[in-house]
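In: Quick one: sequence plus predicted model below, questions after.
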Amino acid sequence: MLQVTWRLQSLTFPKKSSQKWLWIFVPINAAIGGFSTLLPLYILDIGGTVIDVGNVVSAYSLALIPSSILWGMVLDRKEKRKPFVIYGYLGITVLLVIGFFLRNVGAVLLLYVCYAGISTASSPAVSILLIESAPKKKLSMMFARYSALTLLGTALGTIPGIFWTDYLPLGAYFLLCAFFSGVSVILAAKYLAEPDFPFERKVVALTQESFVTKLRTVTMIFITIPRLEDIKAFGKLMRSVFTRHLPLLYMSFFLFFTASNLFFTSYTPFLKSSEMDDTGVFIIFTALYILQAAIYPITGRACIRFGEDRVAVSALWLRTIGILAAFATVLLTLHNSTLMIASIASIAMIGTAFAFFNTSSSVLLFRTLPQGKQGELLGIYSALTGIAAFAGAIMSGYLSYSFGYAATFVVAALLYVGCALTLRSAGRER
């Protein structure tokens, strides 16, 4: 039935079959990339500390959990996808304009929480639209093109910052990001079409291409809300000596997201504390996004050739080395051009590792989920990663403030080591 539906849709959507409509997602991702780079810089610029950065990021991570659940429930009750995309992008545009006028950390925190609530409205709708709009045999090509364009957009969102901060106020970058997202609102309203055969949201958990792409952008996939019975069943699974693979896999993901938020929450404040200007920070993150855009297309082939387990574990070791390289820049107290080169080198390893790990670990998770239990297990997975992101961000601010950035980076590196060892154990159990 699924195959018949896809085949019918391939005849119904000539415009979407050309994939030109996917360019809608370039400017919105430029807005997201620019905003995510701008946010910690702006918090520090208005007088905030690394603790404030941690509090803002942790509040955002926590808000993602209920917002993902609520928007998913609403989407399940509606047949149309287009309004979720248009009004979601419009909401982001409005929030970015409001951000230009904010001058205190509390208001920025509230803005970022609202951003979490609104940005999750469009994400599941986009994933389903991609599936509904492609013939089954061209689904992989559709998601590959979508991933490439979103990564391109993310990089384009940070490139102007390299020059912007030398001539214009940092806060005005909110307006540039708002312009990008506004362009996507117009393009979505004009070119996005509703399918004749709408799918259920659960298809995200049943299609590997959409699953991997979804986890690269937002880790929250609540097909069903975790119930107490699901949590108890998962607890029994965690204690089982016969099915240790899935619990170990989940534990590795928890450690990964905790370590990632621990490091990245404090990374921009560290660069600023080392007297790097805003232009330098934009250069580093631009290099990160461009590198990931170049690396992602080959990650799938690497998984096919070497196996997902091997790629994921190798990526974790590379990411650990990158974190330790960042730790070395703290100890050496580098400045100016030397700090820039060292930072780009460390972030290159970290970004490369993430591209390979994200693809391989997503495929591992997809293939591990047993039939009939995807919704419950994805709900638990999303809750765990959300808690990990919150814990990592909140710990990062206080740890860096109390013990210094070196301590934060070391703890992150140790968590990655634990993640690699846990994931290797999971592979052996499987």
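Out: Received the coordinates, thanks.
In: Quick one: mean pLDDT for the one helix or strand Arg367 maps to?
Out: Remark: Arg367 resides in helix 336-368, with elements defined by DSSP states H and E. Helix 336-368 comes out with an average pLDDT of 88.
In: buried ones in it?
Out: 339-340, 342-344, 346-366 (16 or more other C-beta atoms under 10 Å). Heads up, the C-betas are built off the backbone N, CA and C, glycines and all.
In: what does stretch 167-184 give?
Out: Using 16+ other C-beta under 10 Å as the test for burial, stretch 167-184 gives 170-171, 173-184.
In: returning to what we had before: list the helices and strands the helix or strand immediately after the helix holding Arg367 in the chain packs on?
Out: Proceeding N to C from helix 336-368, the next assigned helix or strand is helix 374-403, under DSSP H and E. Counting contacts by 3 or more C-beta pairs under 8 Å, 6 or more residues apart in numbering; DSSP states H and E, helix 374-403 is packed against helix 50-76, helix 228-239, helix 245-273, helix 405-429.
In: how about the ones you listed in a markdown table, adding mean pLDDT?
Out: As requested, those are exported to a markdown table (pLDDT from 0 to 100):
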| stretch | mean pLDDT |
| --- | --- |
| helix 50-76 | 86 |
| helix 228-239 | 59 |
| helix 245-273 | 92 |
| helix 405-429 | 91 |
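In: which one of these has the most crowded surroundings?
Out: Across the helices and strands packed on helix 374-403, averaging neighbours per residue (mean count of other C-beta atoms under 10 Å) puts helix 245-273 on top, at a mean of 23.
In: between it and helix 374-403, how many degrees?
Out: In terms of direction (axes from the mean of the first three to the mean of the last three C-alpha atoms, to 10 degrees), helix 245-273 departs from helix 374-403 by 30 degrees.
In: Is Ala193 in a helix, a strand, or coil?
Out: At Ala193 the chain is in coil, as set by DSSP: H, G, I helix; E, B strand; the rest coil.
In: Select, out of the helices and strands packed on helix 374-403, the one closest to Leu331.
Out: Among those, helix 405-429 comes nearest to Leu331, with 6.3 Å by C-beta to C-beta.
In: Any regions of the stretch 151-300 of the chain where pLDDT drops low?
Out: Within the stretch 151-300 of the chain, the segments meeting pLDDT under 70 span 195-244.
In: one more time with 80
Out: 193-246 (pLDDT under 80).
In: I figured Cys114 hits Val94, correct?
Out: No - applying C-beta atoms under 8 Å, one finds Cys114 not in contact with Val94, separated by 9.5 Å.
In: Neighbour count: these two, which is higher?
Out: Taking neighbours as other C-beta atoms under 10 Å, Cys114 and Val94 compare with Cys114 leading, 18 against 15.
In: Tell me how far that one lies from Ser122.
Out: Per C-beta to C-beta, to the nearest Å, Cys114 is found 14 Å from Ser122.
In: and if you look at Leu318?
Out: Using C-beta to C-beta, one obtains 32 Å as the distance from Leu318 to Ser122.
In: same deal with Ser361?
Out: From Ser361 over to Ser122 the distance is 24 Å, taken as C-beta to C-beta.
In: Then Leu364?
Out: Taking C-beta to C-beta, one finds Leu364 at 27 Å from Ser122.
In: Roughly how far does the closest residue to Asp45 other than its chain neighbours sit from Leu192?
Out: Excluding its sequence neighbours, the residue lying closest to Asp45 (C-beta to C-beta, 6 or more residues apart in numbering) is Leu170, at 5.3 Å. Note on Leu170: its distance to Leu192, by C-beta to C-beta, is 33 Å.
In: quick one, what contacts Leu291?
Out: Applying C-beta atoms under 8 Å, 6 or more residues apart in numbering to Leu291 gives the contacts Ala348, Gly351, Thr352.
In: For the closest residue to the first one other than its chain neighbours, I want the exact helix or strand it lies within.
Out: To tie it back to what came earlier, the one meant is Ala348. Here the nearest residue to Ala348 in space, its sequence neighbours aside, is Leu291; by C-beta to C-beta, 6+ apart that works out to 5.7 Å. Assigned by DSSP H and E, Leu291 belongs to helix 278-306.
In: where do the helices sit along the stretch 1-150 of the chain?
Out: 2-12, 14-17, 25-45, 50-76, 82-99, 105-132, 139-158 (DSSP state H, counting those that start in this stretch).
In: winner for burial among those?
Out: It is helix 25-45: most buried of these by mean count of other C-beta under 10 Å, with a mean of 24.
In: Please export the C-alpha coordinates of it as PDB.
Out: Coordinates of each C-alpha in helix 25-45 appear next as PDB, following Å, rounded to 0.1, in the frame of the first residue of the first chain:
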ATOM      1  CA  PHE A  25      15.000  25.300   3.400                       C
ATOM      2  CA  VAL A  26      18.200  27.200   2.600                       C
ATOM      3  CA  PRO A  27      17.300  30.600   4.000                       C
ATOM      4  CA  ILE A  28      15.600  29.200   7.100                       C
ATOM      5  CA  ASN A  29      18.700  27.200   7.900                       C
ATOM      6  CA  ALA A  30      20.800  30.300   7.300                       C
ATOM      7  CA  ALA A  31      18.600  32.000  10.000                       C
ATOM      8  CA  ILE A  32      19.100  29.100  12.400                       C
ATOM      9  CA  GLY A  33      22.800  28.900  11.800                       C
ATOM     10  CA  GLY A  34      23.300  32.600  12.200                       C
ATOM     11  CA  PHE A  35      21.100  32.700  15.300                       C
ATOM     12  CA  SER A  36      22.800  29.800  17.100                       C
ATOM     13  CA  THR A  37      26.200  31.400  16.500                       C
ATOM     14  CA  LEU A  38      25.000  34.900  17.500                       C
ATOM     15  CA  LEU A  39      23.200  33.900  20.700                       C
ATOM     16  CA  PRO A  40      26.100  33.200  23.100                       C
ATOM     17  CA  LEU A  41      28.000  36.200  21.700                       C
ATOM     18  CA  TYR A  42      25.000  38.400  22.300                       C
ATOM     19  CA  ILE A  43      24.500  37.200  25.900                       C
ATOM     20  CA  LEU A  44      28.100  38.000  26.700                       C
ATOM     21  CA  ASP A  45      27.800  41.300  24.800                       C
END
